[in-house]
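K.L.:
Structure, please.
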Amino acid sequence: MPTDRRTLLADAAVTVLAESGMRGLTHRAVDRAAGLPPGTTSAYLRTRDALLTALVRRLVALDQAELEEVGGRTPVPRDADELAAGLLAFVERRLSGDGRRRSLARYACAIESVHHPELREILVPRDNAARQAVQDFLAAQGLPDAAERTVTLLTCVDGLVFDRLVNGGTVTAQQVHRLVSAALR
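P.N.:
Alright, predicted model coming up:
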């Protein structure tokens, strides 16, 4: 559990947003979710913009930490099957437990960023060890545009996550293999 009060509030805001949507994200709802007295959130994060910014920064920090950890302990895939298996594991993490909560909040923030460019700046995908492993694999296959293909492949994987969150169902290994095959063509 985070000891820093702002981190605690940002984590609670992620939960509120995932469970109640953008309209349910209020200072009072965050206070309740954090188990803190009324007015605590507004004392630390005075405006809704400050609350959203703290929430988005926390989401990005959590995502980056996860991707650095996964990428740091996973070598560059040896073949397309290994890459597909790694991507499928990533998708499954994004669709369950804490990953699901963060995914729901992230997509809500992405939509909100259309009207708040300062949020979009924070949400821009970052370089990380996992992304680099995908790019290194594609480059090792002799693809001259490995960086572009990495962005396209990971955007498609993100689209699968979004679709399953909205429409339900699961992502199959076959679907992920098709995306990897397309990236290698």
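
K.L.:
what's the single longest helix in this protein?
P.N.:
If you go by DSSP state H, the chain has its longest helix at helix 48-73.

K.L.:
Show me what counts as buried in the following helix or strand past that one.
P.N.:
Moving toward the C-terminus from helix 48-73, the first helix or strand encountered (DSSP states H and E) is helix 80-94. By neighbour count, and taking 16 or more other CB atoms under 10 Å as the criterion, the buried residues in helix 80-94 are 83-88, 90-91, 93-94. In short, each C-beta sits where N, CA and C put it, glycine included.

K.L.:
one step back: check which residues of the longest helix of the chain are buried.
P.N.:
51-60, 62-64, 66-68, 70-71.

K.L.:
Would you mind writing the CA trace of the host helix or strand of A133 as PDB?
P.N.:
A133 is located in helix 129-140, with elements delineated by DSSP H and E. Written as PDB, here are the backbone C-alpha positions of helix 129-140 (Å, rounded to 0.1, in the frame of the first residue of the first chain):
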ATOM      1  CA  ALA A 129      11.900  -2.900 -22.200                       C
ATOM      2  CA  ALA A 130       8.900  -4.800 -23.400                       C
ATOM      3  CA  ARG A 131       8.400  -2.500 -26.400                       C
ATOM      4  CA  GLN A 132      12.100  -2.700 -27.200                       C
ATOM      5  CA  ALA A 133      12.000  -6.500 -27.100                       C
ATOM      6  CA  VAL A 134       9.200  -6.600 -29.700                       C
ATOM      7  CA  GLN A 135      11.100  -4.100 -31.900                       C
ATOM      8  CA  ASP A 136      14.400  -6.000 -31.600                       C
ATOM      9  CA  PHE A 137      12.600  -9.200 -32.600                       C
ATOM     10  CA  LEU A 138      11.100  -7.600 -35.700                       C
ATOM     11  CA  ALA A 139      14.400  -6.100 -36.600                       C
ATOM     12  CA  ALA A 140      16.100  -9.500 -36.200                       C
END
